[in-house]
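Colleague: Sequence first, then the predicted structure:
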Amino acid sequence: MSSLSRLSGPKVAGELLIDLRGVERSYRVGENEIRALDGIDLEIFSGDYLAITGASGSGKSTLMNILGCLDRPTGGSYRLRGVPAHELEDDTLARLRNEEIGFVFQSFNLLPRLDALGNVEIPLVYGQLKLAERTERARAALDRVGLADRMEHRPNELSGGQCQRVAIARALVSEPSILLADEPTGNLDSRTSEEIMLLFDQLSAGGATVILVTHESGLAAHASKVVHISDGRVVSG
Ligand code: ADP
Ligand code: MG
């Protein structure tokens, strides 16, 4: 409890948010050990717009899962706003994740039976907010991503780009410290991809901390910092 209470404090631009030291993640497959991450050092500051790039199999998703507190390193340390995520129990790690991270995935992951507003309200359902407040916040998040006129549409009544905007609004609604996006334009055509990238650019310009994981160098060029990984190691950045 005490280690997490400071997380509700103000989010200062330039604050060290993420501090990885010698992070390793190995998988055992039969007799073999696969070193998906092999000693990653990385610092990410509040307000950063960072792209993590690398070829398929280089360790991007493994790194994203650790950054997003979905997984723990098998070696090294990960401090998120000073909290040692590598040492936390599952439920405490889940709380840290809910408070600090907004995820955007390639496959949108929207619930088909809920409209846009209902999907964006989901992260707020388990909190203390009353229904009216949840709805107001979800409306504001949808407005921020340019979907004020599509709040009552279900995913099958929206284009791919609009679905990803809903997913971005859902990631933003709990006001996380970090927006973490893994190949967010992977299911979109090139024109729609560019629109979604412009939305990330706007969110970044508005002060959001954005981490974009992509194998496409053209997308990485939107970010102001690029970290390239190869065979589980940082090779530049
Ligand atoms: P990327 O996202 O860059 O394509 P990944 O992080 O998914 O790379 O994978 C990095 C390496 O770890 C690959 O060699 C992959 O086969 C291996 N790997 C990933 N997840 C697992 C797993 N659950 N079990 C065993 N090996 C895995
Ligand atoms: Mg991947």
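Modeller: Looks like it arrived, so ask away. Residues are numbered from 1 along each chain as shown. Ligands and ions are numbered 1, 2, ... in the order given.
Colleague: mind listing what the residue nearest the centre of the chain touches?
Modeller: The centroid of the chain falls nearest to residue 180 when counting by CA atoms, centre = their mean (1.6 Å). Counting by CB atoms under 8 Å, 6 or more residues apart in numbering, residue 180 makes contact with 64, 67, 68, 101, 102, 103, 104, 211, 213. Quick note: C-beta positions are derived from backbone N, CA and C, even for glycine.
Colleague: can I get these in JSON lines with secondary structure and pLDDT?
Modeller: Shown next, in JSON lines, are the contacts of residue 180 (DSSP: H, G, I helix; E, B strand; the rest coil; pLDDT from 0 to 100):
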{"residue": "64", "secondary structure": "helix", "pLDDT": "96"}
{"residue": "67", "secondary structure": "helix", "pLDDT": "97"}
{"residue": "68", "secondary structure": "coil", "pLDDT": "96"}
{"residue": "101", "secondary structure": "strand", "pLDDT": "96"}
{"residue": "102", "secondary structure": "strand", "pLDDT": "96"}
{"residue": "103", "secondary structure": "strand", "pLDDT": "96"}
{"residue": "104", "secondary structure": "strand", "pLDDT": "96"}
{"residue": "211", "secondary structure": "strand", "pLDDT": "98"}
{"residue": "213", "secondary structure": "strand", "pLDDT": "96"}
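Colleague: Mark which of those are buried, thanks.
Modeller: In those, burial by neighbour count holds for 64, 67, 68, 101, 102, 103, 104, 211, 213, counting by 16 or more other CB atoms under 10 Å.
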